[in-house]
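Student: Fold the following and give me the result.
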Amino acid sequence: MNGIASAPSVRGAFRTVRANGLDFEVLTAGDGDRLALCLHGFPEHAVSWRYQIPLLVALGYRVWAPNQRGYGRTARPAKVGDYGIAHLVEDVAALIDASGAKSVTILAHDWGAAVAWVFAMRRVRPLAGLVIMNVPHPAIFARALRTSWRQRARSWYMAFFQIPRLPEWMLGYDHAAAIGRMFRRTSVHPERFGEDVIRLYRDQASMPGALTAMLNWYRAAPKGFVTQRKLGFPVIDVPTLMLWGEEDVALGKETTFGTDRYVADLRLHYLPGVSHWVQQDAPERVNELLLEFLGG
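Tutor: Numbering: from 1, shown residues only. Below you'll find the predicted structure:
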């Protein structure tokens, strides 16, 4: 795959990892038997973890930040069904297996966090820790969509993304200029998103088939959620840190209320004056909380 600029200055190196029958582009740093697996969201990239990677390495972790299926130079399966939650969870399991790590902690944001919630509740592989950033537990999000008109209004884009082709055209126009505006206009600290980072996000979205693959995560979601609801939502017993930027334009703070019903060992921190892009928008505060959780 071509057409994407070189990554911004970030600690680590990219390598290709074969997992679950696909080639994943993975940003790697550090070494050892303890893996920190960092899962990005929409419309991000592995470099969204650029501020956390040095801390994780300093704490003794081997860091893998994969570009998930459809992103960056990772493989892009063609069908909507290829992006169902079961496949995304299998990707995580296969990456963990490929790493050979003896201990795994998942750090996840946005769509990556949605996958991480399901991975943890289904106990697909043992986890030492779980860090969730600005995505609610699926049971609570479902409740919010049923009971809160405010959250339904915030989630309008999820319905829009179900439309064929039009979202791709709107987001992809002018070399994905809308993607750059999304980060700049919805972050509290746009200066955290340098021109090199914005260019990479736009380049990625402009690659052939990329936006369709990225949007297919949303298009496959309704069917996947029905399946998860039928399976139920068992309590997660993994020590879990949940970080929530309160200036999230897409997800209300109320979608975090009651998370402790589904997570036995939960530490929830609200970050006022921080956007949905929490680990990029407020890296110092996020890293302090990570150090407290992972280092202590």
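
Student: right, and F24 touches S99 too?
Tutor: No. Here F24 lies out of contact with S99, judged by Cβ atoms under 8 Å, at a distance of 11.2 Å. To be clear about C-beta, it is placed using only N, CA and C from the backbone, and glycine gets the same treatment.

Student: These two: who's more crowded?
Tutor: F24 (25 against 18; other Cβ atoms under 10 Å).

Student: Specify the beta-bridge partners of the more buried one.
Tutor: V17 (DSSP bridges).

Student: show me what contacts it?
Tutor: 16-18, 66-69, 74-75, 91, 95 (Cβ atoms under 8 Å, 6 or more residues apart in numbering).

Student: Just the buried residues of those.
Tutor: 17, 66-69, 74-75, 91, 95 (16 or more other Cβ atoms under 10 Å).

Student: Just name the closest of the residues you listed to W244, please.
Tutor: Closest approach between these and W244, by Cβ to Cβ: Q68, at 21.8 Å.

Student: ok, so what distance separates the closest one from L95?
Tutor: 9 Å (Cβ to Cβ, to the nearest Å).

Student: Same check on L22?
Tutor: Using Cβ to Cβ, L22 is found at 10 Å from L95.

Student: And the strands in the stretch 101-250 of the chain?
Tutor: Assigned by DSSP state E, counting those that start in this stretch, the strands in the stretch 101-250 of the chain fall at 103-109, 129-133, 240-247.

Student: Show me what the longest one pairs with in its sheet, parallel or antiparallel.
Tutor: The strands that strand 240-247 pairs with in its sheet are strand 129-133 (parallel), strand 266-275 (parallel) (by DSSP bridges).

Student: Burial check on the residue nearest to A114 when sequence neighbours are not counted, number of neighbours?
Tutor: In this structure, A114 finds its nearest non-sequential neighbour in V135, 5.3 Å apart by Cβ to Cβ, 6 or more residues apart in numbering. Neighbour count of V135, defined by other Cβ under 10 Å: 26.

Student: what residues are up against V135?
Tutor: By Cβ under 8 Å, 6+ apart, V135 lies in contact with 41, 108-111, 113-114, 117, 141, 251.

Student: Which one (most neighbours) among these?
Tutor: W117 (30 neighbours).

Student: So which residues make contact with stretch 77-84?
Tutor: Outside stretch 77-84, the residues touching it (Cβ under 8 Å, 6+ apart) are 22, 69-70, 209, 213, 216-217, 219-220, 223-224.

Student: ends of that stretch, how far apart?
Tutor: Counting by Cα to Cα, to the nearest Å, you get 11 Å between the two ends of stretch 77-84.
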